[in-house]
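**Student:** Pasting the sequence and the predicted model now:
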Amino acid sequence: MAPLRTFLYTLVIAVTANAFTIAPIHQRRTHEALSSLYQSGPDKGGGSAIATPKTKQVTTTVQKQKQKNDQKQKAKPSEPDLRSDEDFEDAPMFRLYLIGDESYEQEHVVNRVFEIIEDCSEDDAARLFKSAYQTGEAFMGKYPREIAETYAEQLTRSDPIIYADVRDDEDKKK
């Protein structure tokens, strides 16, 4: 068994040793004559000429003139289209208030207001808490009805609860 093993190892080494020898990838043919296509000089040729077809192709194009429409325009180009002048009404705005309560913990209220209200920083949330604690309520901002109610609902779902109120902006103007 040992001679067979030795023979196999020797065979493997002999085959792989050839893989690590330095040999050029592309061998050059320096001793072969160049073909007549690549020969240079006046008498050596230089390849064949470019082939030209025996038949000629003729292409003709026909242009049609556009006919003028004699229809009159109903509206002048400078006049705006009346259908595009749609009036959009702004959504009615509602006021959101933070209701003050003595049982509030400042850190909890400031963190929740900062997390829920999009345009409110931590400093603004702390200012709102202090105002609500001192006066009983703090004005948080004007929002469309759905957004104001969403903010108030998220605040009241906090644990412990944070009271918020949504009021119509028209009541304040009267």
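**Tutor:** Perfect, I can see it now.
**Student:** where are the low-confidence patches of this structure?
**Tutor:** 17-49, 66-86, 171-174 (pLDDT under 70).
**Student:** can you map out the strands along it?
**Tutor:** The residue ranges that make up the strands of the chain, judged by DSSP state E, are 93-99, 137-144, 164-168.
**Student:** Deepest-packed of those, please.
**Tutor:** Highest mean neighbour count among the strands of the chain (mean count of other CB atoms under 10 Å): strand 93-99, with a mean of 20. Any C-beta I mention is one placed from the backbone N, CA and C, and that applies to glycine too.
**Student:** So in the chain, which helix runs the longest?
**Tutor:** The helix spanning the most residues in the chain, taking DSSP state H as the definition, is helix 2-19.
**Student:** I'd like the strands of the chain written out as a markdown table, with distance to T60 added.
**Tutor:** Converted to a markdown table, the strands of the chain look like this (distance: least, CB to CB, whole Å):
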| stretch | distance to T60 |
| --- | --- |
| strand 93-99 | 71 |
| strand 137-144 | 68 |
| strand 164-168 | 78 |
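**Student:** do you know which of these lies nearest V58?
**Tutor:** Across the strands of the chain, the minimum distance to V58, taken as CB to CB, is reached by strand 137-144, at 72.2 Å.
**Student:** Okay, helices next: where are they in the protein?
**Tutor:** 2-19, 106-116, 122-135, 145-156, 169-173.
**Student:** Quick one, which of these gets closest to L98.
**Tutor:** That would be, of those and by CB to CB, helix 122-135, which comes in at 4.6 Å.
**Student:** contacts for the closest one?
**Tutor:** When contacts are defined by CB atoms under 8 Å, 6 or more residues apart in numbering, helix 122-135 is touched by residues 98-100, 102, 104, 106, 109-111, 113-114, 117, 120, 138, 140.
**Student:** For ChimeraX, write a command that selects the buried ones of those.
**Tutor:** To isolate the buried ones among those in ChimeraX, judged by 16 or more other CB atoms under 10 Å, type:
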select :98,99,100,104,109,110,113,114,117,120,138,140
